[in-house]
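Undergrad: Need coordinates for the following:
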Amino acid sequence: MKLLHFPSATVFAATWVTFFAAAIATYLVYCWTERVILSPIGFLRHAFPFDKWKLKTSRIDVFVYIISKFINGSLIVANVAISAVLAVAISNEIKAVFPNLHPGNVTLLAILGWSIVFFVVMDLSNYISHFLQHFVPVLWELHKVHHSATFLNPLTGRRQHPLGDHFDNLVTATMVAVPLGICKATLGLSLEDMALMVGDGNLIGSTIVLDSLRHSQFPAGFGPLDRVLASPHMHQLHHSYKVEHWDRNFGNKLSIWDWWFGTQTQPAPYETFPWGLGKAEDHDYDTLWGVYVLPLVKIGRLIRGVPVYADAYSLALPKRPFFERVLWRKPDYGTRRAAPTEPPAAPLASPARASASASVANSASAS
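TA: Next up, the predicted model:
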């Protein structure tokens, strides 16, 4: 049976068709409700806010996106190789344990069923990887690059440190290798065919959840379906630097993991958010040095127990054991803090890394 395959051009087209469709729809609603006359210039300003695209954070998105095209290929090949080796090893082990096992018929139903399994396992691996990148301090220093964006656009998805991106792909490659190995042993499909099933299933899932709008200014939600699918609006909340939004909505395409593990927060309809890490650290990542080198410098500080930034959590690093300051941050560190004041106080330097903003203020006043 010949398997379907969606070329990269299809992915590119789906991304931008979805983006412009959302831009047109929201612009029409805006013009209708505000009694504004339709115009091409008005639409372009709505879809591409010029004041936002001129910011350093947007220029870095462009540069990192271009650079990723040159450096990500080798990382992807490495992770695919790891997944393939593990899958073959698992398949051989199954055949050794069950020597009389013969591959079944490759039917459309079997392909559909295994494609769903691959998709679910991959999405669960994305959730686990994303969760770890927030709660393992060393990984968080890499993941900050992505969260430092103060304006979300379709290119922000590639705003990643290569090592953080590699970790994410490595977790996925390792976990997906398990069903790949079982499928290879029971159906006899080639690794190439199964790779197509994984890739095409991921693309179909990305299209259904409007993945290209996750990093955009369009608050697209799915209503009751948000309990199953991770809508763009839910991910936009994830990028908020408000205290109540820290470490929430890790899901990639399915939101069921957030519901099950208690990390889900439902945004209000059309709710907007202030994006980034907070004023103290956002501009650390406005240069290529900040994106690629500074995270490694901060990791070195973590290992040595030197404060990474001026907040209560970081200033207490020398007093924390190595395991705690480098490999695992207790979730409650991000919740013990004073309630927000009006007008909003300046955000902390790093989401989910300080114990209380009041502690820093009191220390400064005492000195």
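Undergrad: Go through stretch 239-259 and flag the buried ones.
TA: In terms of neighbour count (16 or more other C-beta atoms under 10 Å), stretch 239-259 has its buried residues at 239-243, 245-258. C-beta coordinates here come from the backbone N, C-alpha and C atoms, glycine included.
Undergrad: Just the residues you listed: which are in helices?
TA: Taking DSSP state H as the definition of helices, the buried residues of stretch 239-259 contribute I256, W257, D258.
Undergrad: And the pLDDT for the nearest residue to the second one once chain neighbours are set aside?
TA: Translated: W257. Distances taken as C-beta to C-beta, 6 or more residues apart in numbering place Y127 nearest to W257, at 4.2 Å, with adjacent residues excluded. On the pLDDT scale, Y127 is placed at 97.
Undergrad: Can you pull the phi/psi pair for Y127?
TA: Taking degrees, to the nearest 10, you get phi -60, psi -50 for the backbone angles of Y127.
Undergrad: The one 5 residues further on too?
TA: Backbone torsions of L132, given as degrees, to the nearest 10, read phi -60, psi -30.
Undergrad: how close does it sit to F323?
TA: 15 Å (C-beta to C-beta, to the nearest Å).
Undergrad: got it, and E281?
TA: Per C-beta to C-beta, E281 is found 24 Å from F323.
Undergrad: of these two, who's got more company?
TA: More neighbours surround E281 than the other of E281 and F323, with 26 against 8 (other C-beta atoms under 10 Å).
Undergrad: Is it correct that that one is in contact with H147?
TA: No. The criterion here is C-beta atoms under 8 Å, and E281 misses it with H147 at 9.3 Å.
Undergrad: Would you indicate which residues of whichever strand or helix holds D200 are buried?
TA: In the assignment (DSSP states H and E), D200 maps to helix 191-208. For helix 191-208, the neighbour count (16+ other C-beta under 10 Å) marks 191, 193-207 as buried.
Undergrad: Show me what it is packed against.
TA: Secondary-structure packing of helix 191-208 (3 or more C-beta pairs under 8 Å, 6 or more residues apart in numbering; DSSP states H and E): helix 8-34, helix 56-97, helix 108-135, helix 162-187.
Undergrad: How many residues are close by S68?
TA: 18.
Undergrad: Tell me the confidence at it?
TA: S68 is given a pLDDT of 91.
Undergrad: list the contacts for it?
TA: Residues in contact with S68 (C-beta atoms under 8 Å, 6 or more residues apart in numbering) are R158, Q160, P162, D165.
Undergrad: isn't there a helix covering the second one?
TA: Meaning Q160. No. The assignment for Q160, made by DSSP: H, G, I helix; E, B strand; the rest coil, is coil rather than a helix.
Undergrad: Quick check: chain neighbours aside, which residue is closest to it?
TA: H146 (5.4 Å).
Undergrad: Pull up the per-residue confidence for that neighbour.
TA: Taking H146 on its own, its pLDDT is 96.
Undergrad: same thing with P343?
TA: pLDDT, P343: 39.
Undergrad: now I82
TA: 92.
Undergrad: re earlier: before we move on, which element is the residue nearest to Q160 in?
TA: Using DSSP H and E, H146 sits within helix 137-147.
Undergrad: To what extent is the residue found closest to P162 once you drop the neighbours it is linked to in the chain buried, counted in neighbours?
TA: What sits nearest to P162 in space, not counting adjacent residues and going by C-beta to C-beta, 6+ apart, is I71, at 5.8 Å. I71 is flanked by 11 other residues according to other C-beta under 10 Å.
Undergrad: K52 now?
TA: Neighbours of K52 (other C-beta under 10 Å): 14.
Undergrad: Make sure it is indeed in a strand.
TA: No. According to three-state DSSP, K52 belongs to no strand; its state is helix.
Undergrad: so who does it touch?
TA: Taking C-beta under 8 Å, 6+ apart, we find K52 in contact with S58, F151, N153, Q217.
Undergrad: ditto for R159
TA: Counted by C-beta under 8 Å, 6+ apart, R159 has contacts I60, D61, V64, Y65, V145, H146, S148, A149, V291.
Undergrad: now do 10 Å
TA: For R159, the contact set (C-beta atoms under 10 Å, 6 or more residues apart in numbering) comprises 57, 60-65, 68, 145-149, 152-153, 215, 285, 291.
Undergrad: Could you do L101 as well?
TA: The contact partners of L101, by C-beta under 10 Å, 6+ apart, come to I94, K95, A185, T186.
Undergrad: Most widely separated two among those residues?
TA: K95 and T186 (10.0 Å; C-beta to C-beta).
Undergrad: Which neighbours do the two have in common?
TA: Any residue near both K95 and T186 by C-beta under 10 Å, 6+ apart counts here, and that gives L101, H102, P103.
Undergrad: Selecting buried members of the contacts of R159 in PyMOL, what would you type?
TA: The PyMOL command for the buried members of those (criterion: 16+ other C-beta under 10 Å) is given here:
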select buried, resi 57+60+61+64+65+68+145+146+147+148+149+152+153+215+285+291
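Undergrad: show me where pLDDT drops low in the stretch 1-150 of the chain?
TA: Judged by pLDDT under 70, the stretch 1-150 of the chain has its weakly predicted residues at 1-11.
Undergrad: cutoff 50 now
TA: Low-confidence segments of the stretch 1-150 of the chain (pLDDT under 50): 1-6.
Undergrad: check contacts around the residue nearest to P162.
TA: The neighbourhood of I71, defined by C-beta under 10 Å, 6+ apart, consists of P162, D165, Y292.
Undergrad: coming back round to it: widest-spaced pair of the buried residues of helix 191-208?
TA: L191 and T207 (24.7 Å).
Undergrad: Identify the residues contacting the residue nearest to T150 when sequence neighbours are not counted.
TA: Nearest non-adjacent residue to T150, counting by C-beta to C-beta, 6+ apart: G276, 4.1 Å away. With contacts defined as C-beta under 10 Å, 6+ apart, G276 is in contact with 57, 147-152, 239-241, 282-283, 285, 347, 351.
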